Each structure stands twice: as C-alpha cells, then as structure tokens.
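Enquirer: I would like the atomic coordinates for the input below:
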Amino acid sequence: MSSEKSPDENADPQLDLRVSHADRDRVAEQLRDAAGDGRLDLEELEERLERALTAKTYRDLEPLTADLPSAGHAVVRRPSTSPESTRIGGTPSQHRSQAILSESKRTGAWVVPASYAATAVLGQVEVDLRDASVEKSEIEIRCSSILGDIKVLVRPDVTVIDQLDTFLGEFRLRDKRRAELPPAGGPVVRISGQAVLGSVTVYRLPAGESRLGLHWRH
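Expert: Alright, predicted model coming up:
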C-alpha cells in the first residue's frame with residue numbers, strides 16, 4: 001500500500017503540530033467505545049490504541065478514527081487560528097456522562113449535542129464545555145443529581161439559564177467576572193432536570209483557568 005499523502009494532507013501544516021496527552025486520551029476513548037459497539041475487534045483495538053498512545057502529531061491520530069462514526073474533527077480537533085468561529089456546529093460523539101458511586105469527567109475538544117444528560121448518584125460528574133464545540137447555538141444539559149454533585153464549566157460568553165428543579169438540593173452559578181449577563185451572541189446553555197439532596201454548579205470562566213476560589217451566586 002502506498003504511503004504517499006494526498007495533496008490536501010500535505011497542504012495543511014496543522015496536521016504536523018504536536019498532540020497532547022488529552023488528545024491521545026480522547027482518541028483512545030473513542031476507540032474503546034467503538035470496540036464496545038462491535039465496530040472494532042480486539043486485535044484492531046489493541047493495534048489502534050498502541051498507535052494512539054504513541055502518536056506525536058495530529059497526522060498520526062486522524063487515520064485512527066477516520067472510518068468510525070463521528071470521527072475526525074469531532075474527536076481530533078486541531079488548533080485553529082480563530083477558535084471562536086468553529087465553536088458552533090459538528091457531529092456529537094457522546095450524549096451523556098454518568099457517575100454512580102464514582103466520578104466522571106468530560107473535558108477537552110468534543111462536540112456537545114443539543115441535549116446532553118449528566119447523572120450523578122452518590123458520585124460526581126464534571127462536564128467541561130470550554131474547549132468544546134456545540135451542535136447548536138442553544139443546548140440543554142439534563143441533570144439528575146441524587147446525593148451527588150454535577151459541575152458544568154462554560155466560557156464567559158455563555159448565557160446560563162437555570163431550569164433545574166431542586167428538592168433539598170441546590171443550583172449555583174460561580175462567575176469569575178461576577179457579571180450579571182455575558183456578552184450578547186454567545187451560546188446558550190439551559191440547565192434542566194432535578195437535584196435531590198444533591199447539587200448542580202455552573203462555573204463561568206476562561207479555558208485553562210481553575211475553578212477554585214470563584215465567587216458564587218444563585
């Protein structure tokens with residue numbers, strides 16, 4: 001089989017940028033999901049995982065998911081000189097996070113569907129949207145927090161709408177800028193569902209910044 005690259009591949013210098021540990025982990029996660037769905041057999045999974053975990057550039061990673069649903073840029077999203085322009089649109093690859101007596105984190109570059117489910121039962125779920133694209137300009141995070149804790153991280157330009165039902169639970173919004181309203185034109189995130197003896201906390205802060213020490217308001 002020829003190893004020559006297509007003209008389009010060679011024309012894109014971003015493919016030769018170095019990948020991070022998070023990039024490798026996202027591809028490995030998609031490969032494991034594909035194997036669980038029966039799309040890859042054990043031998044293929046082991047081979048691709050080895051290549052993913054030793055990949056050095058985006059050119060190394062992209063072929064590993066090219067023949068899988070929601071492949072390519074939905075998981076391996078290369079850096080853009082204008083990241084804001086690519087934040088809306090794409091094909092979602094995941095539709096829920098769940099933690100039962102455990103912890104679950106969804107972070108990095110991914111495509112958030114119009115409706116995403118987050119469930120925490122005696123556990124903790126973190127859904128980080130700051131480096132993600134959204135399928136539509138308005139999305140819904142459907143929460144179910146039962147004696148659990150759900151954290152949702154958004155950028156400063158995101159409008160957060162609280163539609164959560166609480167029973168001996170709480171909803172909190174922590175904002176680094178302490179602004180009442182974000183700038184107009186950004187994505188909208190609706191927080192719905194319920195918190196029963198649990199909590200749902202939304203952190204509004206720039207990508208890469210820690211949520212520790214933020215002020216909070218209802």
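Enquirer: What helix or strand is residue 173 located in?
Expert: Residue 173 belongs to strand 170-175 when elements are defined using DSSP states H and E.
Enquirer: care to break the protein down by domain?
Expert: Following automatic domain parsing, one gets these domains for the chain: 7-79, 88-217.
Enquirer: Counting by contacts, list what the longest helix belonging to the chain packs against.
Expert: The helix of greatest length in the chain, counted in residues with DSSP state H as the criterion, is given as helix 21-36. In this structure, helix 21-36 makes packing contacts with helix 42-53, helix 58-65, judged by 3 or more C-beta pairs under 8 Å, 6 or more residues apart in numbering; DSSP states H and E. C-beta: built from backbone N, CA, C; applies to glycine.
Enquirer: Quick one: distance of that helix to the chain centre.
Expert: On the basis of C-alpha atoms, centre = their mean, to the nearest Å, helix 21-36 is displaced by 13 Å from the centre of the chain it belongs to.
Enquirer: neighbouring contacts of it?
Expert: Applying C-beta atoms under 8 Å, 6 or more residues apart in numbering, the contact partners of helix 21-36 are 40-42, 44-45, 48-49, 52-53, 55, 58, 61, 64-65, 68, 70-71, 75-76, 93, 107-110.
Enquirer: need the least confident one among the domains of the chain, by mean pLDDT.
Expert: Mean pLDDT is lowest for domain 7-79 among the domains of the chain, at a mean of 75.
Enquirer: Note down every partner strand of the strand holding residue 173 and its orientation.
Expert: Pairing partners of strand 170-175, with direction, according to DSSP bridges: strand 199-204 (parallel), strand 216-217 (antiparallel).
Enquirer: could you dump those to JSON lines with mean neighbour count?
Expert: Compiled in JSON lines, the strands paired with strand 170-175 are given as follows (neighbours: other C-beta atoms under 10 Å):
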{"stretch": "strand 199-204", "mean neighbour count": "24"}
{"stretch": "strand 216-217", "mean neighbour count": "10"}
